[in-house]
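Peer 1: What would the 3D arrangement of this be:
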Amino acid sequence: MKRWHLIVAAILLASAVALAQAGRGQRPNTGRGQGAEPSGANGDGGGRLARSTADLSVVDGWGNPVKDPLAGGKTAGPAPVHDVSGTWEPARGPGAGIQANGPVSMPSDGVHEPPFTPAGKAAYDKHKALYGYRNVPPSLSNDPRNHCDPLGFPRADLYQLRHTQILQSPKKVVILYQYDKRYRVVWTDGRDFPKELPDDRWYGYSVGKWADDTTFVVNTIGLLGEPRTWLDETGRPMSDQMKVEERFHRVNANLMEITVTIEDPKFFTRPWVAMDKFPMKLQSDDYDVIEMLCAPSDMESYSKDFGDPASGIVKK
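Peer 2: Just a heads-up that it's a prediction; the model follows:
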């Protein structure tokens with residue numbers, strides 16, 4: 001199979017997967033009231049009765065219509081003091097946080113690249129990513145997530161950042177990610193990092209404090225790094241020396257901005273910003289987040305039925 005055929009096939013397959021995921025939160029709006037007959041086998045609105053995008057209504061994981069907290073011309077109130085709790089989603093639309101071609105502030109386009117050290121560049125060159133300007137066909141990728149390994153951190157911020165729930169208690173903040181139903185604990189009880197880390201972890205060790213009334217700053221260390229985790233979807237590497245700073249700035253009651261700064265003296269010559277004031281909007285407090293998991297059996301089926309053929313791999 002010619003190279004351009006493989007590329008076209010891979011693009012079409014990736015588009016199909018994205019459309020399938022995006023469609024889960026929609027159902028036909030038939031306008032027939034409570035007695036309307038469900039359009040999908042499970043009553044989940046499989047789209048069979050839809051005639052156009054105007055026929056679709058967006059629902060949450062419970063099947064309830066999504067509510068706009070600012071509906072009816074309401075204006076956002078002031079930012080609450082020392083509070084980033086709630087269910088948040090990318091303010092520019094669900095796809096804004098996917099970042100398949102790299103973090104929003106450092107895309108993999110052949111122009112923007114982090115300041116690699118020689119070791120960082122060597123590690124980067126070993127990675128074969130499905131996205132970015134150096135992408136390869138699906139079954140030629142060596143991304144650890146192809147086996148449903150955890151994304152780890154900070155990739156959880158830099159890829160598939162979708163609905164994110166933040167819970168606060170007096171001693172900690174818990175961040176729950178929609179993708180693969182993972183979570184992090186950020187300690188706010190004044191503790192410092194352990195003098196000796198018990199072990200490197202997929203999501204590291206995080207402590208947080210308030211820089212001012214509306215800005216919550218989180219620092220994370222003790223991450224796994226190369227070769228278990230990648231920094232982003234385009235194969236940028238990370239080492240176990242990486243430090244990450246997140247700034248959650250509450251602009252008002254319904255808008256928050258996230259800034260992520262990367263520091264890794266082994267792989268980068270200086271700190272750099274991966275996300276710069278990335279906007280997140282607040283969902284209603286009764287929003288149920290749709291489940292989104294990486295299942296090894298599904299990945300195996302995808303590789304066999306689509307990934308291998310699109311990559312020119314024929315298995316007998």
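Peer 1: give me the element residue 122 is part of.
Peer 2: helix 118-126 (DSSP states H and E).
Peer 1: Now do the helices in the stretch 101-250 of the chain.
Peer 2: 118-126, 155-158 (DSSP state H, counting those that start in this stretch).
Peer 1: Now do the first one: distance to the chain's middle.
Peer 2: The gap between the average C-alpha position of helix 118-126 and the chain average comes to 24 Å, counting by C-alpha atoms, centre = their mean, to the nearest Å.
Peer 1: roughly how far apart are residue 255 and residue 237?
Peer 2: Plainly put, residue 255 is 33 Å away from residue 237 if you go by C-beta to C-beta, to the nearest Å. Using the backbone N, CA and C atoms, a C-beta is placed for each residue, glycine as well.
Peer 1: Can you show me the strands along the stretch 201-316 of the chain?
Peer 2: Along the stretch 201-316 of the chain, counting by DSSP state E, counting those that start in this stretch, strands occupy 205-212, 215-221, 243-252, 255-263, 272-282.
Peer 1: More neighbours: which of residue 255 and residue 237?
Peer 2: The neighbour comparison of residue 255 against residue 237 (other C-beta atoms under 10 Å) goes to residue 237, with 27 against 16.
Peer 1: And the more buried one, how close does it get to residue 313?
Peer 2: Distance from residue 237 to residue 313, by C-beta to C-beta: 26 Å.
Peer 1: Same check on residue 298?
Peer 2: From residue 298 over to residue 313 the distance is 19 Å, taken as C-beta to C-beta.
Peer 1: swap in residue 227?
Peer 2: Distance of residue 227 to residue 313, given as C-beta to C-beta: 23 Å.
Peer 1: who's more crowded, these two?
Peer 2: residue 313 (15 against 12).
Peer 1: my read: residue 222 touches residue 197, true?
Peer 2: Yes - the pair residue 222 and residue 197 qualifies as a contact (C-beta atoms under 8 Å) at a distance of 4.6 Å.
Peer 1: Please enumerate the shared neighbours of the two.
Peer 2: residue 205 (C-beta atoms under 8 Å, 6 or more residues apart in numbering).
Peer 1: what about these two, which has more around it?
Peer 2: Taking neighbours as other C-beta under 10 Å, residue 222 and residue 197 compare with residue 222 leading, 20 against 13.
Peer 1: got any ranges where the protein has weak pLDDT?
Peer 2: Counting by pLDDT under 70, the chain contains low-confidence ranges at 1-55, 316.
Peer 1: what comes up buried for the helix holding residue 122?
Peer 2: 119, 120, 123, 124 (16 or more other C-beta atoms under 10 Å).
Peer 1: Now for the residue nearest to the third one when sequence neighbours are not counted: which residues touch it?
Peer 2: If I follow you right, that is residue 123. With sequence-adjacent residues excluded and distances taken as C-beta to C-beta, 6 or more residues apart in numbering, residue 123 is closest to residue 237, at 3.8 Å. Applying C-beta under 8 Å, 6+ apart, one finds that residue 237 lies in contact with 120, 123, 124, 127, 225, 226, 230, 231, 267.
Peer 1: which residues sit in contact with the fourth one?
Peer 2: The neighbours of residue 127, taking C-beta under 8 Å, 6+ apart as the test, are 142, 143, 230, 235, 236, 237.
Peer 1: now for the residues you listed, which pair is the farthest apart?
Peer 2: Spanning the widest gap among those are 142 and 236, at 13.9 Å by C-beta to C-beta.
Peer 1: Settle it for me: which of those two has more neighbours?
Peer 2: Taking other C-beta under 10 Å, residue 142 and residue 236 do not tie; residue 236 has more neighbours (27 against 14).
Peer 1: Alright, I will stop here.
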